[in-house]
Structure formats: structure tokens, C-alpha cells
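Asks: quick one, what's the 3D model for this:
(one chain, ligands or ions: 1)
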Amino acid sequence: MSNEYVKLTDPDGRQLTSLPIVKGTMGPSVLDISKLYHDVGCFTVDPGYSMTASCASGITYIDGEQGVLLYRGYPIEQLAEQSSFLEVTYLLWYGELPNEKQLQQFTQEVVHHTMINESLRLFYQGFHHDAHPMAVLVGVVGSLSAFYHDYLDIHDPRSRELAALRLVAKMPTIAAAAYKYTMGQPQIYPRNSLSYTGNLLHMMFAMPTQAFEIDPVAERALDLLLVLHADHEQNASTSTVRLAGSSGANPFACIAAGIAALWGPAHGGANEAVIRMLQEIGDVKHIPQFLARAKDKNDPFRLMGFGHRVYKNFDPRAKIIRETCYEVLGKLADTKDPLFDLALKLEEIALKDEYFIERKLYPNVDFYSGIIYRALKIPMSMFTAMFAVARTAGWMAHWMEMMADPEQRIGRPRQLYTGPVTRDYVPLNERSKDDPH
Ligand code: SDX
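Replies: This next block holds a predicted model:
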């Protein structure tokens, strides 16, 4: 227990309560306010939870001021350079880098679950061909609950691990099938001799009519994007998964909820919105007018891919992705992308603009990722689906961490009530004839 406290006093200096200060291994300490209502009769209020720690977690650490991101203590820059998505998934779940045998065994376990039940493939038929892949993902992933619900014991660690393996293994199959369905092309089965990311590219772009060669540059670039998107502490979609999971809901249903939360343009949907924004800007000469709109409080336009709730410095992932754009566009010969040049110019101009400097608004993970997806011929509608494939690793790490916590209880925030005070019911014939609204 902490021996440091913050004392809360009333205007006359009388002590109301003392709130223990709890320290973590890195970053800000927290004030334990669990006694506050009992001692003072107050709740705290923090819209958007920007200053509230919802839990203790050992998975990912972010320092927004310094632009630092660690997965289980390892800097994202080193993992991006030297690791792979499946190795990072193992790290996020088990807390340590796997040795060769552990990685091989883990890979085999994931590979064993890449197929989806044939009857699940029929679910896609219910969607119109122009359905957004994220809508398909929410529906299909949620329906996995119906396939594994009966014998899923969420209180058994091995059963939880099996659900996590199934989800990470099946997400590429489900996402690729959503893409194929919108293209009106036959869904491609996983080929387990391929890498995790190679399989994803294979299922998206292979055709039954001809052999499909996986470009190692594309495979490496996509695997890097999956590593960079794998986890990010208590972001909106991860918090959604935790809150859904706290009620004891089926993990497949929790991930469907996380996918839904990720879809929003303020969150994972921003990568698609960035490309739409760049296409709307169209030319460097239009940048000033769009920056003016971004600064105009009366205009809903925001500079997509810019700003972050936590990072008040460069998002380290954005830096890595920007450098990867140069490599990928250089090597995938037929991809000179004018939108990349426009994005670079937009970043350069915005970062010299007082509005952005004053508010510490920098490019985030979504600002450049779409450039790479375009170079890989992944359609814009699939950008957030790629994010969901990657973030399933982090969502499951947090769900397993939460479910293993013996102190875990259902999440239930309170509120500041601002509605009508108590009043008596008014019979219909005694009510005003005027329209009150
Ligand atoms: C992700 O949380 C995570 O970790 C998310 C994520 C992850 O890996 O899970 O990192 C992934 O979601 C990245 C963010 C992707 N979203 C976008 O790129 C959408 C564009 N960004 C903005 O909508 C905004 O920056 C948010 C939603 C990301 C953050 O919103 P906040 O916390 O409300 O922004 P803020 O408090 O930092 O804003 C401070 C000021 C405000 O203006 P003032 O009221 O002070 O005058 O900056 C303004 C904001 O209006 N502002 C912007 C802006 N972002 C903030 N103005 C113009 N364009 C922007 N993009």
C-alpha cells in the first residue's frame, strides 16, 4: 500500500479525506479515489477519461510528451526493425519475447486455426456487395460467438488463450473474405505454408485462375504495419473490449464491440479519412485553405491523421511509417504516389503553423499508413480492417490480462446528473395543450 497521500480539505482547512498515491513502474502515478464518495460524498468527472486510469496494466506504455511507445518494455522502434507481428503478439500476450521453439510452437498454434466454419462463409451472402468491410467484420466476428459459445469457459486460462488464438488466426481470413465478397470474387482459403502476413496478402489478392506470387517487399511492409498497430494502451477500442469483457461477455462479442469502436474516423477510421482528405485537397496550392478550415471552429473539417489524445509530440509510429513509405514506394516500382508528396508538404506546412504548434498537433499513426496500403494495392475501404486485424493482438492481450485479474469487477462509471429534480406524474387530461418542445 502507498505511504504517500494527497490530503483533501474543505475551505476551512478541515481534512475531508486522504487519497493514496499509487506508483507504477514508469510514467505518472495515480490517485486512488475509491474512498472518495464514502468520505466526501462526491464522484469525480472526467469526460472522455483523458485524465483517468481505468486499470493497472503491464502491456503497453506510452509517454505522450516524449513520443515513446513500449510493448512490454521494448521500444516500438526496435520491434519495428527486428520483430514480426506474430512475435509481437506473443510478447503482448505472455510478457516476454519467445525463444525459437516457443515462437515456432505459437506460430503452429495460430496456423492451426486460420480456417473459418464453412457455414460462416454463408454469412457474407447476407451483405450487399457495397457493404463496408468494417460492417461485415463487426457482423461476422460477432457471429463467431455462436460457434464457440457453449464450451467456452472464460474463467479457464487455457480456454481464454484458445479464444485469443482463434481470433488472431481467423481475423485475416475473415477480413480477406470481406474484401473478396465486395469484389465479387471467390473467397480464397488460407495456405498455412505461408507467413501470417503472406497468408493475408494471398487470401486478398490470389485468384483461382492463376498462381499468385507474394512480393517480399509488400509482405514485410504489411507485417511492419501490423506490428505498429498491434496495441496502444487504453485507447477507445481497447477500453470498449475491456468494458464489454468486464460483464463476462463472450470474447468474440467483445472483439466485435472493439471493431465497432475502432471504425470511427476519430480513431481507427482515420487512415481511410486521411486519404479521402488528401484526395479532396488534391494539390499543394489548396493546402492553405484546408488548414484554415481545420482551424475554423465553425467548420467540422479536421486535419485527419493529425493530433492525438495522448501524443503531444510526434507519434513514433508515424515517423517509422513515413520512412517506410520512401522504401516501399521506391521498391514497388509502379507506385509513385502524388498523395505521398502532398502529405509530406501538408505535414511540413502544418508543423510551422502556430495553431498546430500551440496545440501540439503532430501526425499520428494514421497519417501515412494509407500511403503504404495504397502501394500494396489494398483498397481504402480495407484500411481500417487492416488496423482491426493488427489490433486484435492487443485487444486479446488486454482481455486476458483483465480476465486473469482476481480483483476484476464489472465496469460501471457514474455520472453528474443534470436532469429534472423529482416531480409527480401529471395525468394526460391535465397537461398543457401547448407543444412544450
Ligand atoms: C488513433 O487513443 C489512441 O491511442 C488511438 C490510436 C491507437 O493506436 O489506438 O493512436 C489510433 O485513433 C489515432 C488518432 C486518429 N484520429 C485522427 O487522426 C482524427 C483527427 N484527430 C482529431 O480528431 C483529434 O486530434 C483526436 C480525436 C485524435 C484527439 O482529440 P482530442 O483529444 O479532443 O484533441 P485535443 O484535446 O488534443 O485537441 C486540442 C485542440 C482542440 O482545439 P481547441 O479547442 O484547443 O481550440 O486541438 C484541436 C482541437 O479542436 N484539434 C484539431 C485536430 N485535433 C485536435 N484541430 C484540427 N485538426 C485536428 N486533427
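Asks: any idea how far the residue in the stretch 301-437 of the chain positioned nearest to the ligand is from residue 266?
Replies: Using CB to the nearest ligand atom, the single residue of the stretch 301-437 of the chain nearest to the ligand is residue 307, 2.4 Å away. Heads up, the C-betas are built off the backbone N, CA and C, glycines and all. Taking CB to CB, to the nearest Å as the measure, residue 307 and residue 266 are separated by 10 Å.
Asks: what does residue 133 give?
Replies: From residue 133 over to residue 266 (counting by CB to CB), the distance is 19 Å.
Asks: what of residue 363?
Replies: Separation of residue 363 from residue 266 (CB to CB): 15 Å.
Asks: which one of the two has more residues nearby?
Replies: residue 363 (26 against 12; other CB atoms under 10 Å).
Asks: skip the chain neighbours and tell me the closest residue to that one.
Replies: Distance criterion CB to CB, 6 or more residues apart in numbering; nearest residue to residue 363, sequence neighbours excluded, is residue 318 at 4.3 Å.
Asks: next to the ligand, which bits of the stretch 151-300 of the chain? Give me the list.
Replies: By the rule CB under 6 Å from any ligand atom, the part of the stretch 151-300 of the chain lying against the ligand is 232, 235, 266-268, 270, 294.
Asks: narrow these to those in helices?
Replies: Members of those lying in helices (criterion: DSSP state H): 270, 294.
Asks: low pLDDT regions in the stretch 1-150 of the chain?
Replies: Scanning the stretch 1-150 of the chain for pLDDT under 70 picks out the ranges 1-2, 149-150.
Asks: switch the cut-off to 90
Replies: Within the stretch 1-150 of the chain, the ranges that satisfy pLDDT under 90 run 1-3, 146-150.
Asks: nearest residue to the closest residue to the ligand within it in space, please, no chain neighbours.
Replies: The nearest approach of the stretch 1-150 of the chain to the ligand comes at residue 50, 6.5 Å away (CB to the nearest ligand atom). Excluding the flanking residues, the one nearest residue 50 by CB to CB, 6+ apart is residue 309, at 6.1 Å.
Asks: neighbours of the residue nearest to residue 363, just the number please.
Replies: The local packing of residue 318 (other CB under 10 Å) involves 24 other residues.
Asks: and it, what does it touch?
Replies: Contacts for residue 318 (CB atoms under 8 Å, 6 or more residues apart in numbering) come out as 362-365, 367-368.
Asks: on that earlier part again, for the residue of the stretch 301-437 of the chain closest to the ligand, which non-adjacent residue is closest in space?
Replies: What sits nearest to residue 307 in space, not counting adjacent residues and going by CB to CB, 6+ apart, is residue 361, at 4.3 Å.
Asks: so where do the strands sit in the protein?
Replies: 5-9, 15-22, 30-31, 60-63, 68-71, 74-75 (DSSP state E).
Asks: please identify the most buried of these.
Replies: Burial of the strands of the chain is given as mean neighbour count (mean count of other CB atoms under 10 Å); strand 68-71 ranks first at a mean of 22.
Asks: picking up where we left off before, and which of the contacts of residue 318 is nearest residue 212?
Replies: Comparing these against residue 212 with CB to CB places residue 368 closest, at 26.8 Å.
Asks: quick one: low-confidence ranges for the stretch 251-400 of the chain?
Replies: In the stretch 251-400 of the chain (pLDDT under 90), the answer is 330, 332-336.
Asks: from one end of stretch 29-49 to the other, what's the distance?
Replies: By CA to CA, to the nearest Å, the extent of stretch 29-49 from end to end equals 16 Å.
Asks: against residue 171, how distant is the nearest residue to residue 199 once chain neighbours are set aside?
Replies: Leaving aside its sequence neighbours, residue 199 sits nearest to residue 190 (CB to CB, 6+ apart; 5.2 Å). Computed with CB to CB, the distance linking residue 190 and residue 171 is 11 Å.
Asks: neighbour count winner among these two?
Replies: Using other CB under 10 Å, the more surrounded residue of residue 190 and residue 171 is residue 171, with 24 against 21.
Asks: that one contacts residue 389, correct?
Replies: Yes: with contacts counted by CB atoms under 8 Å, residue 171 reaches residue 389, the gap being 4.6 Å.
Asks: now stretch 200-212: average pLDDT?
Replies: For stretch 200-212, mean pLDDT is 96.
Asks: please save the CA atoms from that stretch in PDB.
Replies: Only the C-alpha atoms of stretch 200-212 are listed here, as PDB (Å, rounded to 0.1, in the frame of the first residue of the first chain):
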ATOM      1  CA  LEU A 200      -3.300 -12.300 -45.600                       C
ATOM      2  CA  LEU A 201      -2.000 -11.000 -48.900                       C
ATOM      3  CA  HIS A 202      -2.600 -14.400 -50.500                       C
ATOM      4  CA  MET A 203      -6.200 -14.500 -49.300                       C
ATOM      5  CA  MET A 204      -6.800 -10.900 -50.500                       C
ATOM      6  CA  PHE A 205      -5.200 -11.000 -53.900                       C
ATOM      7  CA  ALA A 206      -4.800 -14.600 -55.100                       C
ATOM      8  CA  MET A 207      -7.300 -15.800 -57.800                       C
ATOM      9  CA  PRO A 208      -8.200 -19.400 -58.600                       C
ATOM     10  CA  THR A 209      -7.300 -18.800 -62.200                       C
ATOM     11  CA  GLN A 210      -3.600 -18.200 -61.800                       C
ATOM     12  CA  ALA A 211      -0.600 -18.500 -59.400                       C
ATOM     13  CA  PHE A 212      -0.100 -15.600 -57.000                       C
END
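Asks: how about that stretch: buried residues?
Replies: Neighbour counts using 16 or more other CB atoms under 10 Å place 200-206 of stretch 200-212 among the buried residues.
Asks: now do stretch 359-379
Replies: 361-376, 378.
Asks: counting only helices, which of the residues you listed make the cut?
Replies: 365-375.
Asks: contacts with the ligand among the residues you listed, please.
Replies: Within these, those near the ligand by CB under 6 Å from any ligand atom are 365-366.
Asks: was I right to think residue 257 contacts residue 242?
Replies: No: counting by CB under 8 Å, residue 257 stays clear of residue 242, with 10.0 Å between them.
Asks: more neighbours: which of the two?
Replies: Shown here are residue 257 and residue 242; by other CB under 10 Å, residue 242 has more neighbours (23 against 20).
Asks: coming back round to it: most neighbours of all the residues of the stretch 151-300 of the chain next to the ligand, which one?
Replies: residue 268 (28 neighbours).
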